[in-house]
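I'll drop the sequence and a predicted model, then ask my questions.
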Amino acid sequence: MPNPPTFVFVHGAFANSFLFAPLQAELALHGHRSLAVDLPGHGFEATFPTGYQAPQDLDALAAEPGGIKGVTLADNAARVIEVLERAKRNGPTVLVAHSRGGVTATAVANARPELIDRIVYVCAWCPVDLTVGDYYAQPEMADVDATAFASALVGDPAELGLLRVNFRTADPAVLAAFKGAFAADLTDDEFQTVLNTFQPDENLDAGTSADRAQAATWGRIPKTYVRVTADASIPLAAQDRMIREADALTPGNPFEVRTLPGSHLSWLVRPKPAAELLAGLVAH
């Protein structure tokens, strides 16, 4: 009997492997093994400055260094490649990316397609015709609330060498903006719980035109895009645009498209439908 696949999860900005724990539990109940990668500077490698603790010292928080400074997209890709090399010894691999993790997954697939048996984007960035930054200037992103992060941004990214967001703010307007952007369909308690899994720092490197999907490598991997219908962070129109661009890049290997209801984060907080969908991708 051939070895079953291993699901390898890649988190998004300010997140970490912990966010996938409920989904991994559901997948285990379907009989599937999985692991979630902490990208460099994330998880137990994260920096939580003393100014971030209660009572908060925002002046100190704006100046304290963070360990993620200098981390690049290439570093993220190298971390995932290392994991895939080890996982591949045991059978097929399914690389699953969420949100900004899609940029890392795309870079990995560009570099080492032979390590991936299927790549899955779940409301994730899949840069094809443009860079992530350039997509933000497109009509599909016009309704995204840019204040959700900007209003909680602490310090000068150029001076800190990283992005720092105060997720522990008690400002009701800022919390409402976060909830609207990422978790509008969650209860307040669910939202607060998931927000407390976030870390304050993120690296500055979201890739360049060289990191967009490449037909000769990325384009030969079987791929699935899971649209999330009520995502206010990467709206459905933007998800659909990336699907169309990818299909035009590799018309002989188009996306298999699936759809889940809910917000940017709800599929992770209420993971049964997502687990069933992922399990179905590898069912024989």
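Sure, I can see it. Numbers count the residues shown, from 1 in each chain.

is it true that residue 88 touches residue 115?
Yes. Counting by CB atoms under 8 Å, residue 88 touches residue 115, with 5.4 Å between them. C-beta: built from backbone N, CA, C; applies to glycine.

low-confidence ranges in this protein?
Residue ranges of the chain with pLDDT under 70: 1, 284.

contacts for the longest helix along it next, please.
With secondary structure taken from DSSP state H, the chain has its longest helix at helix 73-88. Applying CB atoms under 8 Å, 6 or more residues apart in numbering, the contact partners of helix 73-88 are 6, 8, 10, 35, 37-40, 93, 95, 103-105, 107-108, 111-112, 115-116, 203, 205-207, 211.

could you point out which element follows that helix?
strand 93-99 (DSSP states H and E).

between that next one and helix 73-88, how many degrees?
With axes from the mean of the first three to the mean of the last three CA atoms, to 10 degrees as the basis, strand 93-99 and helix 73-88 are set at 150 degrees to each other.

elements contacting the following helix or strand past strand 93-99?
Sequence order places helix 101-111 as the next helix or strand after strand 93-99, per DSSP H and E. Counting contacts by 3 or more CB pairs under 8 Å, 6 or more residues apart in numbering; DSSP states H and E, helix 101-111 is packed against strand 6-10, helix 73-88, strand 93-99, strand 118-124.

and the longest one with helix 101-111, angle?
Orientation of helix 73-88 against helix 101-111 (the same axes, to 10 degrees) gives an angle of 70 degrees.

in the chain, which spans are helices?
Here the chain has its helices, by DSSP H, at 21-29, 58-61, 73-88, 101-111, 132-135, 147-150, 157-160, 172-182, 188-195, 236-249, 266-269, 272-281.

need the ones you listed in CSV (columns: mean neighbour count and distance to residue 215).
Output for the helices of the chain, formatted as CSV (neighbours: other CB atoms under 10 Å; distance: least, CB to CB, whole Å):
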stretch, mean neighbour count, distance to residue 215
helix 21-29, 17, 30
helix 58-61, 14, 44
helix 73-88, 18, 18
helix 101-111, 25, 10
helix 132-135, 15, 19
helix 147-150, 16, 33
helix 157-160, 12, 33
helix 172-182, 17, 32
helix 188-195, 15, 36
helix 236-249, 18, 5
helix 266-269, 22, 29
helix 272-281, 17, 22
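
same list, the ones you listed, but as CSV with distance to residue 45 please.
Below are the helices of the chain laid out as CSV (distance: least, CB to CB, whole Å):
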stretch, distance to residue 45
helix 21-29, 17
helix 58-61, 19
helix 73-88, 10
helix 101-111, 15
helix 132-135, 23
helix 147-150, 22
helix 157-160, 17
helix 172-182, 23
helix 188-195, 20
helix 236-249, 29
helix 266-269, 21
helix 272-281, 26
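
out of those helices, which gets nearest to residue 15?
Of all the helices of the chain, it is helix 101-111 that lies closest to residue 15, at 8.0 Å by CB to CB.

quick one: residue 263 and residue 212, what's the gap?
According to CB to CB, to the nearest Å, residue 263 and residue 212 sit 27 Å apart.

no, scratch that, I was asking about residue 170
Counting by CB to CB - residue 170 and residue 212 are separated by 40 Å.

look at those two and report which has more neighbours.
Using other CB atoms under 10 Å, the more surrounded residue of residue 170 and residue 212 is residue 212, with 22 against 9.

ok, the residue nearest to that one when sequence neighbours are not counted - contacts?
Nearest non-adjacent residue to residue 212, counting by CB to CB, 6 or more residues apart in numbering: residue 127, 4.6 Å away. Residues near residue 127 by CB under 8 Å, 6+ apart: 102, 103, 106, 135, 207, 211, 212, 213, 242.
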